[in-house]
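>>> attaching a predicted model along with its sequence, questions to come.
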Amino acid sequence: MKEKLDGIKRAALAGIEKAEVFQDIADLKVKYLGKNGEISLIMRDMAKVPKEERPALGKLVNEVRNEVESALELKGNMLERKEKEARLKAEAIDITLQSDAHRLGSLHPLTRVRRELIEIFSGMGFKVAEGPEIESDLFNFQLLNIPKDHPSRDMQDTFYVNDNFVLRTQTSAMQARIMTTSEPPIRVVIPGKVYRSDDDASHSPIFNQFEGLAVDEHITMGDLQGCLTTFAKKIFSEDTKIRLRPSYFPFTEPSVEVDVTCSMCHGKGCRVCKGTGWVEILGAGVVNPAVLDMCGIDSKKYSGFAFGFGIDRIAMIKYGIPNIKLLYENDMRFLAQFN
Ligand code: DAH
């Protein structure tokens, strides 16, 4: 038994000596000290040894076990450290190598145009307001002189939430909200999303409008014309002209549609303006006295002008964007052009 133990010890220490990787040490540990390891098995054989020899032999087994254990630990630690160092060295990052360049983000063209518009109208004394996209029929239609079942509702393909609420079809809804809650003088612009069941190259079911409203004593169509001329020159170019054509909107009387000289060809005629030199950009007019009265503003004392246009349309004209969908697809190849 004693010789056997000696043999085991020698074999174990030789194995440990020869071990080259940490895994060898782990294997040896199982081989000698594991539950069915050679040293553990010897302990079990102890029962066969005469009683009086057991204490001495037990002591010897313990000594061998301790010796093998510490040899395993020593070599194990050494190999582990060596392997860790090698791994760190292999994984080292060369910080002098050139990295992929970070792509710089940029403002969405709609954000740019909206900010520019706000800047222009702030300069003319307008405040900025925003309102809800789920809007009551009252503000979106009725207070703007569009009663239920009125044929002019057909001008806009409305998404109805229920009988009394819609996804607002026009930022004009905010005109009614503002006029019912504030006193003249009013000068306000309202940028915001609007929704219509409409879908082609120049119409998207969601788009952005920009509304303007001025209510005060003695406001006339001339004020509207002056304000829109300044706006057109600032957003397009100094040589831009506007023209007013008679039109119809239920909430303005008289109503106009406004064209600007084409910013692509400067009025000479091109693909964008279909050869006419003019592009239509907005609807406007003198606030219908009936609307003022419905909203609680005395139409005998006050008058106003209002206008509304698509921010998308302005962006498309300004940057020559052929399809409105490009503004809503978030394709990086498109957006990166606005850096
Ligand atoms: N809300 C109209 C539309 O979406 C545009 C418009 C026309 C707004 C005339 C106005 C206005 O404020 O006076 O088609």
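Looks like it arrived, so ask away.

>>> show me what from the chain comes close to the ligand.
Along the chain, the residues adjacent to the ligand under the rule CB under 6 Å from any ligand atom are Gln170, Ser172, Glu211, Phe249, Thr252, Gly283, Ala284, Gly285, Ala306, Phe307, Gly308. The C-beta positions use only the backbone N, C-alpha and C, and glycine is treated the same way.

>>> now the helices for the chain?
Secondary structure of the chain (DSSP state H): helices at 2-18, 22-33, 38-45, 54-91, 109-123, 137-140, 173-181, 221-235, 289-294, 311-319, 332-335.

>>> turn those helices into a markdown table, including mean pLDDT and mean neighbour count.
Listed next are those as a markdown table, based on pLDDT from 0 to 100; neighbours: other CB atoms under 10 Å:
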| stretch | mean pLDDT | mean neighbour count |
| --- | --- | --- |
| helix 2-18 | 89 | 15 |
| helix 22-33 | 92 | 17 |
| helix 38-45 | 84 | 15 |
| helix 54-91 | 90 | 14 |
| helix 109-123 | 98 | 17 |
| helix 137-140 | 97 | 21 |
| helix 173-181 | 98 | 22 |
| helix 221-235 | 98 | 18 |
| helix 289-294 | 98 | 18 |
| helix 311-319 | 94 | 22 |
| helix 332-335 | 92 | 12 |
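
>>> and Glu130, which of those helices is closest to it?
Proximity of the helices of the chain to Glu130 was assessed by CB to CB; the nearest stretch is helix 173-181, lying at 7.8 Å.

>>> tell me how far that closest one is from the chain's mean position?
The chain centroid and the centroid of helix 173-181 are separated by 30 Å under CA atoms, centre = their mean, to the nearest Å.

>>> low-scoring stretches of the stretch 151-300 of the chain, by residue?
Using pLDDT under 70 as the threshold, the predicted model of the stretch 151-300 of the chain has low-confidence ranges 155.

>>> where do the strands sit along it?
Assigned by DSSP state E, counting those that start in this stretch, the strands in the stretch 151-300 of the chain fall at 165-167, 186-195, 206-216, 242-249, 252-261, 278-287.

>>> among the helices of the chain, which comes closest to Arg103?
If you check each of these against Arg103 by CB to CB, helix 332-335 wins as the nearest, at 8.3 Å.

>>> Phe126: which of the strands of the stretch 151-300 of the chain is closest?
With distances scored as CB to CB, the stretch of the strands of the stretch 151-300 of the chain nearest to Phe126 is strand 186-195 (4.7 Å).

>>> tell me the helices and strands packed up against the closest one.
The criterion is 3 or more CB pairs under 8 Å, 6 or more residues apart in numbering; DSSP states H and E, and the helices and strands that strand 186-195 contacts are helix 109-123, strand 127-128, helix 173-181, strand 206-216.

>>> again, 10 Å this time
The contact analysis (3 or more CB pairs under 10 Å, 6 or more residues apart in numbering; DSSP states H and E) places strand 186-195 against helix 109-123, strand 127-128, strand 134-136, strand 165-167, helix 173-181, strand 206-216, strand 303-310, helix 311-319.

>>> save these as TSV, and put in distance to Gly296 too.
Listed next are these as TSV, based on distance: least, CB to CB, whole Å:
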stretch	distance to Gly296
helix 109-123	25
strand 127-128	19
strand 134-136	16
strand 165-167	22
helix 173-181	6
strand 206-216	11
strand 303-310	13
helix 311-319	29
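
>>> do you know how far Ala26 is from Glu17?
Between Ala26 and Glu17 the distance is 16 Å, computed by CB to CB, to the nearest Å.

>>> if anything else comes up later, I'll come back, but that's it for now.
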